[in-house]
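J.: just the structure for this:
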Amino acid sequence: MKALLTVALLGAAVLSGCSSASTPVAVSQAATAPAEPAASTPASAPVVAITPSSTTPVATADATPAAASNGSSSPETISTPASTSVPKHWWYPNWSSSGVKGTAAAWLSSWPQPKVFTATGHGPLSGHTILIDPGHNIGNSTHTSQINRHYWVGLDKICNTTGTATDHGFPEATYTFDVAQRLTRILTAAGAKVVLTRDQNSHSTYGPCIQARGLLGGEVGADLGVSIHADGGPSSGHGAFVYSPGVKPGYTSSSKAKQSYRLAGDVLKGLAAHGQVGSTYLHPNIAPDKQQGTLNVASIPIVIVETLNMRNAGDAAKAESASGRQSIAAGLAAGIERWIAGR
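T.: Numbers count the residues shown, from 1 in each chain. The predicted model follows:
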């Protein structure tokens, strides 16, 4: 089974949500570790930022490309709950090959910043904290030297990748950021506190590196973490699949692996309940993996969800439409709620 899974992963290029053949920058997966501050692009570069207001709409710049299936070229807006910055967040740039953390460094100013969103309602998620990681960042493509720096996260990896895109040019980074905002609204309405790993999708920033993304959940006391991605697999295939952390001494215990695997299953069930089937080109749809830096360094149950295949026409249409992204967010929320209920 392991051999078959490895062949399937390579043959279908399913790692593209974390690093795609279409991405010009990196050949590694999801992301890997911290990089040094980078020179930013001009101030005129579009910035997608989460504003600290429960009434102010949040513009998701480029969220609907001109060629998108819903025919709109205007940025869509959704409102999010009030947010605050995460105080004194740290990450470890010098994680050793033996699994020992090095000297703690402050979250880089050249990265988007993590944000905390408080509950707006009371429900099944009340009292729980959930880490949501919108994969990649639109600015990764303009900070190639920074995201290609190598770090150790259980293996040698680069900081991050650009992600994939639909044939219409709709970026994975923009898709994941939009879905994360929609998911935040659903989760906070159900009583959860939500921590996002990045507060913007901006050409003037890059990262955060995957090491920091993975560590954040434990540092803020999250019950679980979900990293949102989209694959760039074969155009003939569609649907979702999930990476869960494999047992790795110094990084992933058997307990973390077991809880994460159950989270992966619950997320797939939640997505299926909202119209997104499991992948038709990767079987099984859950892949325990020791190669994902974000998963390795996390101290909480966590998964990377390849929510759809951006190279498939049907999945691409879903990614490019507001209703499609809302259904993905609803499915992720249903899976998270299912996992919490089963604890």
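
J.: mind checking the end-to-end distance for stretch 154-162?
T.: For stretch 154-162, the first-to-last residue distance is 21 Å (Cα to Cα, to the nearest Å).

J.: for stretch 226-244, same thing?
T.: End-to-end for stretch 226-244, by Cα to Cα: 10 Å.

J.: for Thr184, which non-adjacent residue is closest in space?
T.: Nearest residue to Thr184 in three dimensions, chain neighbours excluded: Val194, at 4.8 Å (Cβ to Cβ, 6 or more residues apart in numbering). In this view, the C-beta of every residue, glycine as well, is placed from N, C-alpha and C.

J.: list the contacts of the one you found.
T.: Val194 makes contacts with Pro81, Val116, Phe117, Thr129, Ile130, Leu131, Ile132, Leu183, Thr184, Leu187, Thr188, as judged by Cβ atoms under 8 Å, 6 or more residues apart in numbering.

J.: 10 Å instead, please
T.: Neighbouring residues of Val194 by Cβ atoms under 10 Å, 6 or more residues apart in numbering: 80-81, 83, 115-119, 125, 128-132, 180, 183-188, 222.

J.: of those, keep whichever come out buried.
T.: 80-81, 83, 115-117, 119, 125, 128-132, 180, 183-188, 222 (16 or more other Cβ atoms under 10 Å).

J.: over to Ala334. Which of the three states is it?
T.: helix (DSSP: H, G, I helix; E, B strand; the rest coil).

J.: that one touches Leu125, doesn't it?
T.: No: look at Ala334 against Leu125 with Cβ atoms under 10 Å: they stay out of range, at 11.4 Å.

J.: can you list residues touching both of the two?
T.: Jointly contacting Ala334 and Leu125 under the rule Cβ under 10 Å, 6+ apart are Ile186.

J.: now do the helices in the protein.
T.: For the chain, the helices defined by DSSP state H cover 2-11, 144-147, 172-189, 210-219, 254-273, 293-297, 313-320, 322-341.

J.: among those helices, which gets the worst mean confidence?
T.: When the helices of the chain are ranked by mean pLDDT, helix 2-11 comes last with a mean of 34.
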